[in-house]
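A.B. asks: this one's sequence-less:
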C-alpha cells in the first residue's frame, strides 16, 4: 500500500491540497484572503470538517486555514516526523520482586505525539522505564500486551483471556501481577477477575489513570508506582484496584475488586470502596492496611482459574412508570439472567408484575440490586418486596449492581439450575456481599456544611 | 586563592570594560555598539463575565489566607518525541517541588484543579480577542486550534496552559517606526504564587483560567525607549476596545532582550511599562558583560572541557565564623560544602548588573534549582568579605587551591547537595558559552534574577480535549464593524487639537479618547481645554485620593452638558471638579451651591469695572496698568468664573484702562 500523503483530509480540503501539490508534513506558504500563513501541514483528525487545513506555524502553535479563503499555496519543503518513545533497558535488580504487567489497551502510560495529538502508548519495560524510571527501584518488570481495546470495549473474551494469562503467570512463579486498564470499566474487570481467579497466592492489581501520562500533572506515574509496589511487595493476595485516594498526589488506595466503583467522571480520586473501607492505603514508602483481615500472600501456586461467562445476562434500570414490555422484550430477546436495579430498598412498580411472572415462568434468573448504590436490598419491609420475591426475584444483599451483573454472567456460564445459580450468587467469593456495613462504609459528606468545610480545609482533598 | 585580590577594583574594571553607563547617559550609539535588540509579549486580561474554559466568575480575587481547601500536585516532565526532556521541564523536575494549590469555592471549580475537562471556550473572550487581532492588523486564522503549552513550575495545575492562535503577522505604527507582530493568542491566565520556600511552592487559583491575550512582537526595538513606546501602544490599543480589564496585574508583559552575540532572555511579568527602559538597558549590558567573561575564560581554557571543579564537605573543618547565616546553617545541621573553581579568579566578581556580579548568578540558581534559601553561599571575591580570612585559608588548604582559583562555600540540607553541586558546575560551564537561555524575574530598580530555564518550542501539544473552532468570514466581518480607530490616528488627532502631549498616556490608558471625541462633537467643548481638564485636573484629583472612589467617567459628559445647558462658562468645571471627585453622586446644583456660586449676567460684571478702577490703590514701583488689571481680575474672579470668559473680562478691563 502506498503511503497516505493526505492523512485525514477529505472533500474540499483534500481537493485543495491536491490542486496545489501539497502534502501532509510539507512545509507550505499559503496566500489567503486573510493574509499569508507559513507552516508545516499536519494530518487532520478524521472527524473534523473538510473546510480547513491544519498547519503548525513556526512558533509551535497549530492553526487551521479555511480552504475557501486560499488564493494560492506552495510547498517549499518536506519533513516527515518520525516518533517513537525512547527505550531504555529496564534494569534487573537482584532481591526485588518480579512483577508482570499485562496491558489491555488503556493508556496508563502513554505520550502524546506533539505534532498530531495522537496518543502513543508506552508499554514495553524499556518505554515504561524511560517514562517512570522510579519503577526500577520497586520491582523487576516484565510486560505483555494482551489486547488493545479501550476500557468500554472490555468484555467476556478479555476477562477470560486475562484470567487464563494470570493463571499461567502464577504457575510460573511470579510475585505479583499488575493489569493496566482504562478506568471506565475497571471495577467490572475487578469483579470478573475476583470470580475467575480464586484462591490467589499473589496480589493482582488493576490500575489506570484519570489523566493520560502525556500530561505533566498525570496521576499515571504515581498510580503505576503504587500498583507495582502493591503487586510486588504487599501481602494482600486479592484482586484489587489501585487508584488515587485524594485528588492530591499523596497516596493511593487499594480497593477490593468486588466493592469498588468509579464515582466521578473525571476526578483523580474517582474510585471508592462502597459499603466498606478500602483494604489499604499505599504511598511510595509504605502500605498501611485498613482492613484487619484479608487473604494473605502464599508461596504455593494453587490458584483456581474459573474462566466462565455467559453473555445472556442484562441489566434493567428501573424508572417510575416503567412498562412491562421492557422486561418482556429482554426475555423475548433470549436473555437468561436479568439484574434489576431497583429503587429504595429494591422495588419496581406493580405494573411490571405480570412481566416478572412471565419471565420467571420462562426460567429467567432475576436478581435485585439498588440504585442507591449504598445499603442492602431489603424486600421484607413492604408488601411489594414480598410480592416480588414470591414472583422469583432474588435480593442480592449489598452487592453492587455492576458486580451482580458480572457475577450472574459468570454463574450462568457454569449452570442453569435455579437453586445452584442462587447458591452461587449469594455465596460471597470475596465480600461482594458483606454480612455487615460498618458505619464508615457510607460517607458522602455534604459540602457547605460548616464541619465538613472545616475538615476539607485541613486535609488535602 | 589569591588573598590580596581586590574584588571591588575587578568589579569596576570589568564594568568599565563592558562600557556600562547609566541609561540617562546612553545614546543610540551606545545601544548600536552592543547590538541591543528587544521584543515584547504583552499580556492583557479580557473583560468577560466568566473564565475561558469553565463557568467560574472572572475577576474575583481572594486573600492568601482565605481559602476553602488545599491540594497538592507534582509535575513530571514528559518526553518529547526525540526522547529529550525540555530544558525547563528537566530543571523543574530536579527541583522536586511540592506544589500546593489553595482553592476558594467562589473562584475555582474542578476544572481549575484539572479534575474536570475543559468546557467550550468562552465566546465573549474569543470575540474580544478577534477584535484586538483585527486592530493589530493580524491575519485571522480560519480555525482556532487549542494547544497545550507546558509549564512545569506548577503555575497551572494541569501542567500546561490552554492557548490558541487567533492571528499571525500584524503590525503597529509607532511615532517614528513600524513594529511587526508575530502573533496574538488567547490563553488562560495562571495561578498567583503565594510563596516559594525550600521544596514547597504555594499558589492560589483565583486568577487561574481568566481569559488573557498575548501579543508577541518581533525584536524590532533597538533601544529601551522604543520598547516602552511599543508596549504602551499595544496596551493602549487593547484598552481602546473598552473590553479589557484594568488594574494591578490585568496587563503584564514579558520583555525579550538580547545583545550582539547574546541570547534571547525573557524578563517575565513586568507590571509597569515605565520599568521597561531600565530593565532592558541593564539586561543588554548583563549579556554583554557575560560575553566578555566568556572571552576571558576561553583565553584561560581554550578547551573548556578540561575545566573541572572540585568540592569538599566541610564537616571536619572548624569554621570559626561570626557570619550569622553560616552559624545558623551549622546549628540547623545543614551540610556545608566548599567548591574550588579552577582559574576563576576575577570571574566571580565580574560585573553583570549594577551591584551584581557573576557570583550572584550562581546564588540565584542555587535558590531556584536546588531550593537553597538565600543566603546560600559566600565566595572568595565578595566586595565586603562575610567570612574571616582564617576560614578561607583553611578551606583553601583543604582544596589545595592555586593563586588563580576561586572558591565558594555553600550550605543547605544534605539531600539537596547533589543538585546544588550540579547547578554550580552547570552555571560555571555556561560561562564558557556566554549567555544562558533563561527567563528572569524583574525588580523595580531595573535588575533581574534567574527565574527558569527558557522553554523550547517542543512544549506545544494539541489539546485533545477541545475541538477546533472555525471562524467564518461573516463572523469576522460582523466583529470588524464595531472597531475603534487606530491609536496612531487618535494620537495625531489629539496633536492636531493642540492637546498637551503629557496628557496622552492618561487619556489612552484609561481609554477616555472616545469620550473626548464625543464631547467635542456633541457639546462643542474646546478639545485643548477638555484634554487638559482630563489629563491634568481629573488625573490629579483622582490620583490624589487615598481611597479611590468609583468615578463614572460619564459624569464628565454630564457636567459639561449641564454647563452648556445653563449657559455657564466651561471653566466652572475646573472649580467644580474637586467637589465632584470626592462626592461623585452629588448633583451639579448642589456642587455650585457649595462653591457659593451665583449666576450673574455678564453685563453686571462688566459694569463693576469703573467702580473697581476707582477703588484701586496703586503701589509704588509696580507697573500700574498691569497691577491694576491683576488686582481687578482677582476682585472679580469669583463672580466671573462660570459667568464670563476670563480672557474676555480681561479684555474689557484693558479697554477701560485705555
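C.D. replies: Thanks, I have the structure now. Nothing here was measured: the structure is a model prediction, and the numbers come from that model.

A.B. asks: what distance separates the longest helix anywhere in chain B from the centre of its chain?
C.D. replies: Taking DSSP state H as the criterion, chain B has its longest helix at helix B:276-300. Relative to its chain's centre, helix B:276-300 lies at 22 Å (Cα atoms, centre = their mean, to the nearest Å).

A.B. asks: cool, stretch A:387-396 as well?
C.D. replies: Centroid separation for stretch A:387-396 versus its chain: 32 Å, with Cα atoms, centre = their mean.

A.B. asks: Any idea how far apart the tips of that stretch sit?
C.D. replies: 16 Å (Cα to Cα, to the nearest Å).

A.B. asks: Quote the end-to-end distance of stretch A:140-153.
C.D. replies: Note: stretch A:140-153 ends 30 Å apart using Cα to Cα.

A.B. asks: near chain B at all, that stretch?
C.D. replies: No: judged by Cβ under 8 Å from any Cβ of the partner chain, stretch A:140-153 and chain B are separated, with a smallest distance of 14.1 Å. Every residue, glycine included, has its C-beta placed from N, CA and C.

A.B. asks: What are the buried residues along that stretch?
C.D. replies: Residues of stretch A:140-153 classed as buried: A:140, A:141, A:143, A:146, A:149, A:151 (neighbour count, 16 or more other Cβ atoms under 10 Å in any protein chain shown).

A.B. asks: picking up where we left off before, would you tell me what the next helix or strand after the longest helix of chain B is?
C.D. replies: Where DSSP states H and E defines the elements, the next helix or strand beyond helix B:276-300 is strand B:310-313.

A.B. asks: in its sheet, what does that following strand sit against?
C.D. replies: strand B:335-341 (antiparallel) (DSSP bridges).

A.B. asks: Check the average confidence over the longest helix of chain B, would you?
C.D. replies: Averaged across helix B:276-300, pLDDT comes to 97.

A.B. asks: Check which helices and strands it is in contact with.
C.D. replies: helix B:7-17, helix B:28-34, helix B:224-240, strand B:251-258, strand B:265-270, strand B:351-353, helix B:417-431, strand B:448-453 (3 or more Cβ pairs under 8 Å, 6 or more residues apart in numbering or on different chains; DSSP states H and E).

A.B. asks: Now do the longest one against strand B:251-258, angle only.
C.D. replies: What that stands for is helix B:224-240. If you take axes from the mean of the first three to the mean of the last three Cα atoms, to 10 degrees, helix B:224-240 sits at 150 degrees to strand B:251-258.

A.B. asks: could you check the angle strand B:265-270 makes with helix B:224-240?
C.D. replies: 40 degrees.

A.B. asks: shaky segments in chain A?
C.D. replies: A:1-3, A:81-87, A:106-123 (pLDDT under 70).

A.B. asks: what does chain B give?
C.D. replies: Ranges of chain B meeting pLDDT under 70: B:78-95, B:455-458, B:620-622.

A.B. asks: show me the biggest strand of it in terms of residues.
C.D. replies: Assignment by DSSP state E gives strand B:160-173 as the longest strand of chain B.

A.B. asks: so what strands line up beside that strand?
C.D. replies: Strand B:160-173 has the following strand partners under DSSP bridges: strand B:139-140 (antiparallel), strand B:147-150 (antiparallel), strand B:178-188 (antiparallel).

A.B. asks: What distance do you get for the residue nearest in space to the middle of chain A to chain B?
C.D. replies: Closest residue to the average C-alpha location of chain A: residue A:183 at 2.6 Å, with Cα atoms, centre = their mean. Going from residue A:183 to chain B by Cβ to the nearest Cβ, to the nearest Å gives 13 Å.

A.B. asks: Please apply the same query to residue A:434.
C.D. replies: 30 Å.

A.B. asks: just the buried residues of stretch A:140-153 now: which is nearest residue B:528?
C.D. replies: residue A:151 (71.9 Å; Cβ to Cβ).

A.B. asks: With secondary structure and distance to residue A:358 as extra columns, can I get the buried residues of stretch A:140-153 in CSV?
C.D. replies: Output for these, formatted as CSV (DSSP: H, G, I helix; E, B strand; the rest coil; distance: Cβ to Cβ, whole Å):
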residue, secondary structure, distance to residue A:358
A:140, strand, 58
A:141, strand, 54
A:143, strand, 50
A:146, coil, 41
A:149, coil, 36
A:151, helix, 36
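
A.B. asks: between the residues you listed, which is closest to chain B?
C.D. replies: residue A:151 (16.2 Å; Cβ to the nearest Cβ).

A.B. asks: Contact partners for the closest one?
C.D. replies: By Cβ atoms under 8 Å, 6 or more residues apart in numbering or on different chains, the residues touching residue A:151 are A:106, A:181, A:182, A:183, A:184, A:185, A:186, A:208.

A.B. asks: does the fourth one sit in a helix or strand, and which one?
C.D. replies: Read it as residue A:183. Secondary structure from DSSP H and E places residue A:183 outside every helix and strand.

A.B. asks: what's near enough to touch residue A:161?
C.D. replies: Contacts of residue A:161 (Cβ under 8 Å, 6+ apart): A:146, A:147.

A.B. asks: How much space separates it from residue B:232?
C.D. replies: For residue A:161, the distance to residue B:232 equals 67 Å [Cβ to Cβ, to the nearest Å].

A.B. asks: do residue A:365 as well
C.D. replies: Here the criterion is Cβ to Cβ. By it, residue A:365 lies 78 Å from residue B:232.

A.B. asks: who has more neighbours, these two?
C.D. replies: residue A:365 (24 against 20; other Cβ atoms under 10 Å in any protein chain shown).

A.B. asks: Which residue, other than its chain neighbours, is closest to that one?
C.D. replies: residue A:337 (4.5 Å; Cβ to Cβ, 6 or more residues apart in numbering or on different chains).

A.B. asks: neighbours around the one you found, how many?
C.D. replies: Neighbours of residue A:337 under the rule other Cβ under 10 Å: 24.
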